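Visitor: Predicted model and sequence follow; I will ask about them next.
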Amino acid sequence: MLERIKKYRTSNGELEQARVISLFSLVGMSITFLMGFIGLFGDNTTLTVVLFVASFVYLLAFLFIKRFDITVSANIIIYSLYLLMFYLVFSGGVSQTGPLWIFIVAPVSVYVLGLRHGVISLFIFLCTICIIMFLPQQWVAHAQYTNEFKVRLFISFLTLSFLSALYEYSRMLAFKNAIEISKQYQQLAMRDPLTKLANRRNAAAILEQEKARLQRNNEPLSVLLCDLDHFKAVNDKYGHNAGDRVLTELSALFTEQVRKQDCVARWGGEEFLIILPQTSSEQARIITEKIRNSVAQHTVNFLDHNIHITISIGISQLSEDQSIDELINTADKCLYQAKTLGRNRVYP
């Protein structure tokens, strides 16, 4: 159950990221196409071609999200954006305004690549921009910018990068806190708060899963319905705190006596349900006697009192045409018989 919840959270997070990346690819495609179209009426043919190519690349990224892998689309988007920014800084764009577009790189990088990889990529990106801007003209002819413009551009970019990283860190922290709170609520919903065992709702869900799985494999499934004998007398004589101590210690004892694939659940009050996959009723009886003897020999120490308790157990094996409710009802009837026959026993 918890594994399914984890997968559900993961798939929801990926879905949200895919939506944002899809939106960015559509926006990027639209803007670059529009600017390329406007460029058709100007005299900068190279810039127009670059913008149309960028628009086509963003279209490919959008199609990859729909048909293939989100990681591929993310890499296409971020690194094609870097290349476009490098060209705009190198060429100057329209009227030397090309460098102004680099400010969109910071928030996109930390969101698409994550905080750590995003910061590293931004550092490499900024170093490359510096190399392009300070490249000597005698080596390669490129757009010229004043030193004041360069300094203000770098300071502004660093400031925006810091704010973007801070926001991404805060977002990640909030997301982790939300996941932790959600996990705690899931634990409360699926676990008994006193014994920390699976509760009735969780046990019912596990039974349905085991029934479907074991029926496919044609394997047996047995359950044990356990009830503490004269538990009300313990509460009346020693108090409810002593009763809680008895329940928690016996819960740990039950867990120690069963296998890893088995499930121990608090069914209600002083009743416990033990689910035994791949176990026939004959095999279950061996396990049941072991549990009954362990409980009978166990002493619960509470304050200055030594409390001895026994249990009665009903066994039921799932048949082909039986529902889960019928399985539990059969175990309950067997438990009643064990009580009727004198308690501290297993039936059948």
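Guide: Sure, I can see it. Numbers count the residues shown, from 1 in each chain.
Visitor: so where's this structure shaky on pLDDT?
Guide: 1-15, 66-69 (pLDDT under 70).
Visitor: Helices of that one, start to end?
Guide: Listed in chain order, the helices found in the chain under DSSP state H are 2-39, 45-67, 70-91, 105-113, 115-133, 147-190, 200-217, 231-238, 240-257, 281-297, 324-340.
Visitor: Would you reformat those helices as TSV and include mean neighbour count and distance to residue 348?
Guide: All C-beta atoms are positioned from the backbone trio N, CA, C, and that covers glycine. Shown next, in TSV, are the helices of the chain (neighbours: other CB atoms under 10 Å; distance: least, CB to CB, whole Å):
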stretch	mean neighbour count	distance to residue 348
helix 2-39	14	34
helix 45-67	17	59
helix 70-91	19	56
helix 105-113	22	63
helix 115-133	16	61
helix 147-190	13	31
helix 200-217	15	20
helix 231-238	15	23
helix 240-257	17	20
helix 281-297	16	8
helix 324-340	17	6
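Visitor: With distance to residue 140 added, can I get these in CSV?
Guide: Conversion of the helices of the chain to CSV gives the following (distance: least, CB to CB, whole Å):
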stretch, distance to residue 140
helix 2-39, 23
helix 45-67, 15
helix 70-91, 8
helix 105-113, 22
helix 115-133, 9
helix 147-190, 17
helix 200-217, 66
helix 231-238, 87
helix 240-257, 72
helix 281-297, 80
helix 324-340, 76
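Visitor: Identify whichever of those lies nearest to residue 274.
Guide: Between residue 274 and those, the shortest gap by CB to CB is with helix 240-257, which sits at 6.6 Å.
Visitor: between the closest one and helix 231-238, how many degrees?
Guide: Put simply, helix 240-257 runs at 130 degrees to helix 231-238, going by axes from the mean of the first three to the mean of the last three CA atoms, to 10 degrees.
Visitor: got the angle for helix 240-257 vs helix 281-297?
Guide: 140 degrees.
Visitor: for helix 240-257, packing partners?
Guide: Contact partners of helix 240-257 among helices and strands, from 3 or more CB pairs under 8 Å, 6 or more residues apart in numbering; DSSP states H and E: strand 221-228, helix 231-238, strand 263-268, strand 271-277, helix 281-297, strand 299-302, strand 305-308.
Visitor: could you redo these as TSV and give each row distance to residue 58?
Guide: Converted to TSV, those look like this (distance: least, CB to CB, whole Å):
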stretch	distance to residue 58
strand 221-228	54
helix 231-238	68
strand 263-268	51
strand 271-277	51
helix 281-297	62
strand 299-302	68
strand 305-308	72
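Visitor: Kindly state which of the ones you listed is positioned closest to residue 34.
Guide: Per CB to CB, nearest to residue 34 of those: strand 263-268, 60.0 Å.
Visitor: Just want the angle from that closest one to helix 324-340.
Guide: Calculated by the same axes, to 10 degrees, strand 263-268 forms an angle of 70 degrees with helix 324-340.
Visitor: In stretch 308-318, which residues are buried?
Guide: By neighbour count on 16 or more other CB atoms under 10 Å, the buried set for stretch 308-318 is 309, 311-318.
Visitor: And those residues, which is closest to residue 26?
Guide: Among the buried residues of stretch 308-318, residue 318 lies closest to residue 26 (CB to CB), at 52.9 Å.
Visitor: residues contacting the closest one?
Guide: Contact partners of residue 318, counting by CB atoms under 8 Å, 6 or more residues apart in numbering, are 211, 214, 220-223, 327.
Visitor: any idea how far it is from residue 269?
Guide: 24 Å (CB to CB, to the nearest Å).
Visitor: Please apply the same query to residue 195.
Guide: Distance from residue 195 to residue 269, by CB to CB: 12 Å.
Visitor: For these two, work out which one has more neighbours and name it.
Guide: Taking neighbours as other CB atoms under 10 Å, residue 195 and residue 269 compare with residue 195 leading, 21 against 11.
Visitor: Spatially nearest residue to that one (excluding sequence neighbours)?
Guide: Counting by CB to CB, 6 or more residues apart in numbering, the nearest residue to residue 195 once its immediate chain neighbours are dropped is residue 251, at 3.8 Å.
Visitor: my read: the one you found touches residue 264, true?
Guide: Yes: the criterion here is CB atoms under 8 Å, and residue 251 meets it with residue 264 at 6.9 Å.
Visitor: so what sits against both of those two?
Guide: Listed contacts common to residue 251 and residue 264 are 197, 272; contacts here mean CB under 8 Å, 6+ apart.
Visitor: Can you say which of the helices and strands packed on helix 240-257 is nearest to residue 113?
Guide: Nearest to residue 113, of the helices and strands packed on helix 240-257 and by CB to CB, is strand 263-268 at 41.6 Å.
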